[in-house]
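K.L.:
Provide a 3D model corresponding to the input given below.
(one chain, ligands or ions: 1)
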Amino acid sequence: MKAPAATGRGTDQGRGQERRMTGATVWLTGLPSAGKTTIATALAQRMAAEGHRVEVLDGDEIRTFLSAGLGFSRADRDANVQRVGFVAELLASHGVTVLVPVIAPYADSREAVRKRHQAEGTGYLEVHIATPVDVCSARDVKGLYARQAAGELSGLTGVDDPYEVPEEPDLRIETHDRTVEESALLLHGLLKERGLL
Ligand code: ADP
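P.N.:
Predicted structure coming up:
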């Protein structure tokens, strides 16, 4: 789906020249507590300070509003990813850099989102936030790993639910080897390298 040309991809009149406002989706996939949201937020702050239009599609907010009622079965996880992917593409096609820190555990769901972006001619990058499960479980931001270990929940991605590691992401970031700022800078560098900044 593409908006008509008149309201389609953003342009900016700068010094008499029409400049295309480049948007793209950057999907940060990885286990719970891997650092996806933290790194996305750090990158968004840096980009906003530079004057870019940037938006973080937060996984929890999405599940409260856009995907209310969806659970964590494979079908529901896929539906969630496709909905987020749809909104991200829409925003990105209007010149926004959309950062998506959402687990997206299944390779075919991620691939469908990439294909939709490619079909619309919208930039798309997949970034694997590759934090080992033992590090994630020690961070345990939301207490999910502890609850799973205590038998209070099941279906935790990477523990007793699948996580299909991206085989060829555009970038893989080992967060345990670097600071949040260093990871955000790596991502910033990738966007620049791909002409998306
Ligand atoms: P996710 O969005 O992947 O579930 P979060 O970003 O919400 O994960 O949580 C990651 C937690 O790990 C945060 O509390 C963050 O401060 C912490 N953390 C510690 N070291 C790092 C690091 N080097 N990179 C990213 N996050 C880190």
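K.L.:
quick check: Leu91 touching Glu55?
P.N.:
Yes. Leu91 is within contact range of Glu55, at 5.9 Å (criterion: C-beta atoms under 8 Å). The C-beta positions use only the backbone N, C-alpha and C, and glycine is treated the same way.
K.L.:
identify the contacts common to the two.
P.N.:
With C-beta atoms under 8 Å, 6 or more residues apart in numbering applied, the overlap between the contact sets of Leu91 and Glu55 consists of Val98.
K.L.:
and the residue of the chain nearest the ligand?
P.N.:
In the chain, no residue comes nearer to the ligand than Gly35, which is 2.8 Å away by C-beta to the nearest ligand atom.
K.L.:
Gly123: what's it in contact with?
P.N.:
With contact set as C-beta under 8 Å, 6+ apart, Gly123 has these partners: Thr22, Gly23, Ala24, Thr25, Ala92, His117, Arg194, Leu196.
K.L.:
for those, pick the one with the most neighbours.
P.N.:
Thr25 (30 neighbours; other C-beta atoms under 10 Å).
K.L.:
how about the residues of the protein near the ligand?
P.N.:
Counting by C-beta under 6 Å from any ligand atom, the residues of the chain close to the ligand are 30, 32-39, 101, 139, 141, 175, 179-180, 183.
K.L.:
residues in contact with Val96?
P.N.:
Val96 makes contact with Gly23, Arg53, Val54, Glu55, according to C-beta under 8 Å, 6+ apart.
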